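Visitor: Have a look; sequence and predicted model below, questions after that.
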Amino acid sequence: MKFDVNKVKSGATTVGTMVAGAVVSRLGAGFVPIDNEKVKHGVLTVAPLLVAGFVKNKHVQNVALGASMTQAGYLIKSFVEKKTENPQVKKALGCPDAAEPIIIYANEMTGLNYPEADYEERQFLASPESKDEFAAA
């Protein structure tokens with residue numbers, strides 16, 4: 001099998017135009033005057049598909065498909081997100097509460113050797129409840 005640089009260029013262009021569509025759909029969603037999020041994402045899923053059906057330019061079609069795919073993901077997420085506790089489904093949908101927290105300890109940031117906190121203390125410091133224990137700087 002021979003490496004074809006033109007296929008790579010074509011694939012990169014397709015990915016780039018679809019990512020551009022995703023960006024445009026996220027930015028544009030804030031300007032759509034529909035209060036119901038499910039309806040908004042539904043409209044923003046279907047409208048780009050209609051554009052892709054009428055336009056002959058391949059790059060414009062890819063932008064429209066990228067926009068539609070992004071909004072379809074948000075639409076699915078709006079239906080499933082609160083109805084499941086499965087962490088794999090939440091992670092697949094991009095739900096922020098499914099992500100593992102990133103914890104940086106002072107000794108990692110400064111290089112100073114502070115005594116290591118035990119596991120329970122680290123979990124408390126990383127929890128939302130700990131914000132009530134410390135004054136804002």
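Guide: On my side now, so go ahead.
Visitor: Outline the domain layout of the protein.
Guide: The chain breaks down into these domains under automatic domain parsing: 5-85, 101-137.
Visitor: looking at the ones you listed, which has the lowest confidence?
Guide: Lowest mean pLDDT within those: domain 101-137, at a mean of 55.
Visitor: Phe3 sits in which helix or strand?
Guide: Under DSSP states H and E, no helix or strand contains Phe3.
Visitor: helices and strands around the longest helix seen in the chain, which ones?
Guide: Using DSSP state H, we find that the single longest helix of the chain is helix 5-29. Other elements packing on helix 5-29 under the criterion 3 or more C-beta pairs under 8 Å, 6 or more residues apart in numbering; DSSP states H and E are helix 37-54, helix 58-80. (Glycine included, C-beta is placed from N, CA and C.)
Visitor: got the buried residues for the longest one?
Guide: Within helix 58-80, the residues that qualify as buried are 61-75, 77-78, counting by 16 or more other C-beta atoms under 10 Å.
Visitor: which residues make contact with it from outside it?
Guide: 13-14, 17-22, 24-26, 28-29, 37-38, 41-42, 44-49, 51-52, 55, 89, 93-95 (C-beta atoms under 8 Å, 6 or more residues apart in numbering).
Visitor: Just the buried ones from those residues?
Guide: 14, 17-18, 21-22, 24-25, 29, 41-42, 44-45, 47-49, 51-52, 93, 95.
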